[in-house]
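K.L.:
kindly return the folded structure for what I paste below:
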Amino acid sequence: MNPCAQKTEYSGDNYKWTALAVACLGTLLGVLNASTLIIALPTMMVKLNTSLIGVMWVLIVYMLIMTILAPACGRLADMYGRKQLYVLGIVVFTIGSLLCGLAADVTQLIGFRVIQAIGGAFLVANSTILVADAFPKWELGKAMGILSMIMAAAFVVGPILGGFLTMIDWRLNFLFNVPIGIIAAYVAHTRLREVKEFFGTESFDYTGMVLFTVAFVALAVYGSAGVLAGFLSVPMLALLAIGILSLAGFFSHEQKARHPLIDLSLFRIRIFTYGQVSALLNAVARGAVMMLLILFFQGPKGYDPLWASILISPLAIGLVISGPLGGYLSDKYGSRLISTSGLIVSMVGLLGLGFMQYDTPYGVLAAWMFVSGFGSGLFQPPNTSAIMAAVPVDRRGFASAMRAFFNNTGMVISMTIAMPLLVGMIPLDEMMNMFVVGGASLPIATQIQFTNAICFVFMISAVLTIPAIIVSAMRGKDLLHEGEDVPGKTRSEG
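P.N.:
Numbers count the residues shown, from 1 in each chain. The predicted structure follows:
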């Protein structure tokens, strides 16, 4: 039996906007937390008496858990429905935020971030599905553009809010999630409904989940810790072997499983596969950009958290402007042209940032940040809508989960590339002094060294965007599935 069946007409003009509003509220919760926390990293490093590597794990462990759980969240959404998992995600995320705000040291904080990430995984995986279920495909680009605009607006407000909160107490960056989470959970519980019936007749693939988790963790630790421990050391080679064997076992199991964790057959859909891969490559290229800019403005430039957050706002303003535009244009011209153009624009912005100097005028930096953000805004809504529209209705949970998985994987890879490169170009003690003493008071040579390290990472990011552009351009034309609504055509009943 099909695990879900159409229950109503598409969802109606009223409900689709309700679903979008609730999805925006949940997205706002998650994005605000991410953008405010990045601003607080240098302060947290000092207050918690830890290193940059230690405080970076506050970010990395969150993305790791989100990535590991993404396929499971999507699978459960296809089995049992979106609403209850979405509400559960908000509740768990809120509880995790409260615990993070009460953490006594960085070890506790990392542990509580795991709880927060579990809720975040359910939240992120289901927000896109809520919108995809409620909107017809010819309006999905517009809907994703609006969702992207809300996300970008949170990136504008988040850093400024984070800078203000951090100047009071860094813990407020977690605690402010609590009242928002309570409101979001209430609204989602009372206003959301399932637009389809979910029967939950399929079984969950526990074996696949274990193999997937072991493979991902082993390979992620190898890729990050290998820089310091040595990629050819015995422990690292053992981890690599475990990761490869687990991954091979996972793919072998998935091909035989009756109800696999990951439906590999969907990767035969060209638009779906190429959209996911281009999203992964874009996340690898852009994942560390905001963090690097924050380190630059609070490091060599010596600004406090509030001013640093204000100074990076052109990046998010570009996203705000181009998000709805990208969604609208993709509905009209298709995702391939708009998404690929966005990646090209984004690469130009990254190249501009890669040539900055420690004394480059702010106006020049602001222009390049805006260009980079504008390109990213053009790419994301068309790419997301194309991915969601390319799969059958009963596999949208999987599609959204894979989008979150590839995006988070790219972010993890980006962080694990950026941090070793920075550490390799400037000693950790000098980097620590940059934030404790103040970068502006350090010797010019140290400021130049730190800036050059950041610029080198920006150049690497620009180069990594090139394969994303190629893959995006190869995705093929957007197609509507048989039986799907099109303007002026009566929808067949399912």
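
K.L.:
longest helix of the chain?
P.N.:
When the chain is parsed with DSSP state H, its longest helix is helix 12-47.

K.L.:
all the helices of the stretch 351-494 of the chain, residue numbers only.
P.N.:
Applying DSSP state H, counting those that start in this stretch to the stretch 351-494 of the chain gives helices spanning 362-389, 396-425, 428-433, 444-473.

K.L.:
same question for the stretch 51-200 of the chain.
P.N.:
If DSSP H, counting those that start in this stretch is used as the criterion, the helices of the stretch 51-200 of the chain fall at 52-80, 83-101, 106-134, 140-168, 172-175, 177-191.

K.L.:
tell me, how many residues neighbour the nearest residue to residue 269 once chain neighbours are set aside?
P.N.:
Leaving aside its chain neighbours, residue 269 sits nearest to residue 390 (5.2 Å; criterion: CB to CB, 6 or more residues apart in numbering). (C-beta placed from N, C-alpha, C; glycine too.) Summarising burial for residue 390: neighbours were counted as other CB atoms under 10 Å, giving 26.

K.L.:
correct me if wrong: residue 390 contacts residue 271.
P.N.:
Yes. Counting by CB atoms under 8 Å, a contact exists between residue 390 and residue 271, whose distance comes to 4.4 Å.

K.L.:
any regions of the stretch 101-250 of the chain where pLDDT drops low?
P.N.:
141, 148, 152, 155-156, 195-201, 224, 227-228 (pLDDT under 70).

K.L.:
relative to residue 285, how far out is residue 159?
P.N.:
When CB to CB, to the nearest Å is the yardstick, residue 159 and residue 285 sit 20 Å from each other.

K.L.:
cool, and residue 239?
P.N.:
26 Å.

K.L.:
and these two? Which one has more around it.
P.N.:
In terms of neighbours (other CB under 10 Å), residue 285 is the more surrounded of residue 239 and residue 285; the figures are 28 against 21.

K.L.:
tell me the secondary structure of that one, please.
P.N.:
In three-state terms, and counting by DSSP: H, G, I helix; E, B strand; the rest coil, residue 285 is helix.

K.L.:
residues in contact with it?
P.N.:
If a contact means CB atoms under 8 Å, 6 or more residues apart in numbering, then residue 285 has 346, 347, 350, 410, 414, 461, 462, 464, 465, 468 as its contacts.

K.L.:
just residue 59 next, same as before
P.N.:
Applying CB under 8 Å, 6+ apart, the residues contacting residue 59 are 37, 38, 41, 291, 415.

K.L.:
picking up where we left off before, to residue 333, which of the helices of the stretch 51-200 of the chain lies closest?
P.N.:
Using CB to CB as the criterion, the shortest distance between residue 333 and the helices of the stretch 51-200 of the chain is 9.7 Å, found for helix 140-168.

K.L.:
tell me what angle that closest one forms with helix 362-389.
P.N.:
Counting by axes from the mean of the first three to the mean of the last three CA atoms, to 10 degrees, helix 140-168 points 130 degrees away from the direction of helix 362-389.

K.L.:
list phi and psi for residue 48.
P.N.:
Per-residue torsions, residue 48: phi -90, psi 0 (degrees, to the nearest 10).

K.L.:
typo on my end, residue 170
P.N.:
Here is the backbone geometry of residue 170 (degrees, to the nearest 10): phi -60, psi -20.

K.L.:
show me what contacts it?
P.N.:
Contacts for residue 170 (CB under 8 Å, 6+ apart) come out as 40, 43, 44, 47.

K.L.:
show the buried residues in those.
P.N.:
By the neighbour-count criterion of 16 or more other CB atoms under 10 Å, those include these buried positions: 40, 43, 44.

K.L.:
looking at those, spot the one nearest residue 299.
P.N.:
residue 43 (12.7 Å).

K.L.:
doesn't residue 165 make contact with the closest one?
P.N.:
No. Under the contact definition of CB under 8 Å, residue 43 does not touch residue 165, with a separation of 10.1 Å.

K.L.:
one step back: would you mind putting the helices of the stretch 351-494 of the chain into a markdown table with mean neighbour count alongside?
P.N.:
Listed next are the helices of the stretch 351-494 of the chain as a markdown table, based on neighbours: other CB atoms under 10 Å:
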| stretch | mean neighbour count |
| --- | --- |
| helix 362-389 | 25 |
| helix 396-425 | 23 |
| helix 428-433 | 15 |
| helix 444-473 | 19 |
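
K.L.:
by mean pLDDT, show me the worst of these.
P.N.:
Taking each of these in turn, the lowest mean pLDDT turns up on helix 428-433, with a mean of 66.

K.L.:
residue 58 contacts residue 108, correct?
P.N.:
No. Proximity of residue 58 to residue 108 does not meet the contact threshold set by CB under 8 Å, at 10.8 Å.

K.L.:
when these two are compared, which one has more neighbours?
P.N.:
When residue 58 is set against residue 108 and neighbours are counted by other CB under 10 Å, the residue ahead is residue 58, at 22 against 14.

K.L.:
what's the spacing between the residue lying closest to residue 88 once chain neighbours are set aside and residue 396?
P.N.:
When the adjacent residues along the chain are set aside, residue 88 lies closest to residue 122, with 5.7 Å between them (CB to CB, 6+ apart). Here the criterion is CB to CB. By it, residue 122 lies 15 Å from residue 396.

K.L.:
likewise residue 183?
P.N.:
From residue 183 over to residue 396 (counting by CB to CB), the distance is 26 Å.

K.L.:
residue 128 now?
P.N.:
According to CB to CB, residue 128 stands 8 Å off from residue 396.

K.L.:
cool, residue 214 as well?
P.N.:
Look at residue 214 and residue 396: by CB to CB, they are 27 Å apart.

K.L.:
check residue 142 too.
P.N.:
Residue 142 is 18 Å from residue 396, where distance means CB to CB.

K.L.:
and what of residue 386?
P.N.:
In this structure, residue 386 and residue 396 are 13 Å apart, going by CB to CB.

K.L.:
do the same with residue 70
P.N.:
For residue 70 relative to residue 396 (CB to CB), the value is 14 Å.

K.L.:
ok, residue 370 next?
P.N.:
Noted for residue 370: a distance of 33 Å to residue 396, by CB to CB.

K.L.:
before we move on, what about residue 372?
P.N.:
Residue 372 sits 30 Å away from residue 396, taking CB to CB as the criterion.

K.L.:
swap in residue 270?
P.N.:
From residue 270 over to residue 396 (counting by CB to CB), the distance is 18 Å.

K.L.:
do the same with residue 69
P.N.:
Where residue 396 is concerned, residue 69 sits at a distance of 17 Å (CB to CB).
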